[in-house]
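*Asks:* A predicted structure for the sequence below; I have some questions about it.
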Amino acid sequence: ILYHRAHETTRGLNECPKMPGFFLEVHELTCYNVCMIKIEKNPETGPLWFPSDMNTAKRLVFFDIETTGLSAYSSSLYLIGALVFENGAARLLQWFAPSLSSEIGILRAFFDFLREDDLLVSFNGETFDINYLNACAKQYTMDSPLPGLQSMDILKMIRAYRKLMGLQNLRQKSIEQFLGIRREDRYSGGELIPVYESYGGTRDERLLHLLLLHNEEDLLGMPALLPALTYREACVTPGRPSEIYRNKSGSRLYIRYSFDYRFPREISGADMNGIRFTFSENQLILEVPLIHEEMKYFFPNAKDYFYLPVEDRAIHKKLGRFVDKEFRIQAVPETCYTRRPGFFVPALKNSGFPCFRRSFDDPAAFHELDENNAFPEIYTKCFFESAGFSGSGETCVTRQREDTGDIIK
């Protein structure tokens, strides 16, 4: 990358957006590597667990950037790091800009490294990193490949389960502490801005080590955060239960799921309906109150039904017209029902299952238990969707064991 004074401007030069009065020769991109430092390693990551929606990617690219501010228009990009998983091997790459003149170099190097079938994985990247890189590319009139790539943001995926995990905030280090992960790096990105500025004047290798270490630890820390998503995996895709059973009195139903992964910490809790859950080892157990009695299902649009007092039920007028008039009367909302004996569990929002009640004005609603088909799986998924972990529904009270046990990293 070659910089020229303004009076030396020739065809093919664009003014550098962050250095007024200087112009950037953007067509000689083949020499960008001379203006930056590139580091490449093959780190030992140990056994890792990936969510099912990451396993289908041909190449996983965890990435993180370091900047001197939050806006691409008033700060500079000085480091891009990528941790790549492909064919079972891990590779760590870092592109470092020793000075502002190298910013476009590391940006182009990262863009050239990416492939169209990559799955980008970041921590808060869809809010900050990607937007920052796109804004940088726009300033240099450079095409960004990022809008065309698939992306997953670990922060967004964990946010919905913050209540479940009892996290006070969603900082990466806070989640690492929940998982029992200890880091060597003790600095935040903001604290390293003056370190980078000092490096620009001194070229002190010790300062460079601090800058690179922080980015490397963030990159290696991202896959280590993925076990926190085991709770999400179990809630969203529990699969078929491994066991369904009742207690001796028949008052509780237990739905047990077994997985091929382990939860990093044991967590249990209950919702306002008395439905309890436990994540432990490699199992999720849902304990549901079970009621055995007769319930009523109330039809909508009572004007379309007749009530049969002798049979104590309502039927649609298409059938009711064949019943003698002395045995039928116009149904009202309170009498527009059919009766059903059986086993019932507390109703959940948006489950799609019919809701039964003891009476018309009873606020408590129930679903008829169906231990076959997909009822247990759908019921489990709806429970966690409506239990308050995503910021809606009834609040769940959870507790964690102090002993974290084995942690998958």
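*Replies:* In hand now; what should we look at?
*Asks:* which non-adjacent residue is nearest Leu219?
*Replies:* Leu83 (4.2 Å; CB to CB, 6 or more residues apart in numbering). C-beta here means a position set from N, CA and C on the backbone, and glycine is covered the same way.
*Asks:* Could you report the pLDDT at the one you found?
*Replies:* Confidence at Leu83, expressed as pLDDT, is 98.
*Asks:* can you check Gly21 too?
*Replies:* Here the pLDDT value assigned to Gly21 is 51.
*Asks:* Against Ala82, how distant is the spatially most central residue of the chain?
*Replies:* Residue closest to the average C-alpha location in the chain (CA atoms, centre = their mean): Met157, at 0.9 Å. The span separating Met157 from Ala82 equals 19 Å under the rule CB to CB, to the nearest Å.
*Asks:* ok so, going back, is the residue nearest to Leu219 in a bridge, and if so with what?
*Replies:* Beta-bridge pairing for Leu83 (DSSP bridges): Phe62, Leu92.
*Asks:* Could you report the distance from it to Leu120?
*Replies:* 11 Å.
*Asks:* Neighbour count for these two, which is higher?
*Replies:* Just comparing Leu83 and Leu120: by other CB atoms under 10 Å the higher neighbour count belongs to Leu83, 25 against 22.
*Asks:* roughly how far apart are the more buried one and Gln283?
*Replies:* In terms of CB to CB, Leu83 sits 31 Å off from Gln283.
*Asks:* Likewise for Arg265?
*Replies:* Applying CB to CB, the value for Arg265 to Gln283 is 14 Å.
*Asks:* Pick out whichever of these two has more residues nearby.
*Replies:* Between Arg265 and Gln283, counting by other CB under 10 Å, Arg265 is the more crowded of the two (23 against 16).
*Asks:* ok, the more buried one touching Leu167?
*Replies:* No: using CB atoms under 8 Å, Arg265 is not in contact with Leu167; the gap is 11.5 Å.
*Asks:* who touches both of Leu83 and Leu120?
*Replies:* 61, 63 (CB atoms under 8 Å, 6 or more residues apart in numbering).
*Asks:* where are the low-confidence patches of the protein?
*Replies:* The chain contains residues with pLDDT under 70 at 1-34, 183-186, 388-409.
*Asks:* In it, which helix is the longest?
*Replies:* Ranked by residue count and defined by DSSP state H, the top helix of the chain is helix 205-225.
*Asks:* distance between the helix or strand that that helix is followed by and the chain's centre?
*Replies:* Later in the chain than helix 205-225, the nearest helix or strand by DSSP states H and E is helix 230-236. Between the centre of helix 230-236 and the centre of its chain there are 10 Å (CA atoms, centre = their mean, to the nearest Å).
*Asks:* now stretch 342-358
*Replies:* Taking mean C-alpha positions (CA atoms, centre = their mean), stretch 342-358 and its chain are 29 Å apart.
*Asks:* can you check stretch 129-139 too?
*Replies:* 23 Å.
*Asks:* isn't Phe298 right up against Arg339?
*Replies:* No: Phe298 lies out of contact with Arg339 (CB under 8 Å); the separation is 10.8 Å.
*Asks:* For Leu220, give its distance to Arg91.
*Replies:* From Leu220 to Arg91 the distance is 12 Å (CB to CB).
*Asks:* Identify the contacts common to the two.
*Replies:* The contact lists of Leu220 and Arg91 share Leu83, where a contact means CB under 8 Å, 6+ apart.
*Asks:* ok, those two, which is more surrounded?
*Replies:* Leu220 (21 against 14).
*Asks:* Run through the residues that contact that one.
*Replies:* Per CB under 8 Å, 6+ apart, neighbours of Leu220: 43, 45, 83, 92.
*Asks:* Distance to Leu308 added to those residues, as a markdown table?
*Replies:* A markdown table is the format used below for the contacts of Leu220 (distance: CB to CB, whole Å):
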| residue | distance to Leu308 |
| --- | --- |
| Pro43 | 74 |
| Thr45 | 69 |
| Leu83 | 69 |
| Leu92 | 74 |
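*Asks:* Got a quick ChimeraX command for the buried subset of these?
*Replies:* The buried residues among these can be selected in ChimeraX (16 or more other CB atoms under 10 Å) with this line:
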select :83,92
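*Asks:* where exactly do the strands run in the stretch 151-300 of the chain?
*Replies:* Secondary structure of the stretch 151-300 of the chain (DSSP state E, counting those that start in this stretch): strands at 243-246, 252-258, 267-270, 276-280, 283-289, 291-298.
*Asks:* who wins for proximity to Gly189 among those?
*Replies:* Gly189 sits nearest to strand 267-270 of all those, at 30.1 Å, using CB to CB.
*Asks:* Which elements pack onto that closest one?
*Replies:* Counting contacts by 3 or more CB pairs under 8 Å, 6 or more residues apart in numbering; DSSP states H and E, strand 267-270 packs against helix 162-165, strand 276-280, strand 397-400.
*Asks:* in it, what's buried?
*Replies:* Buried, per 16+ other CB under 10 Å, within strand 267-270: 267-270.
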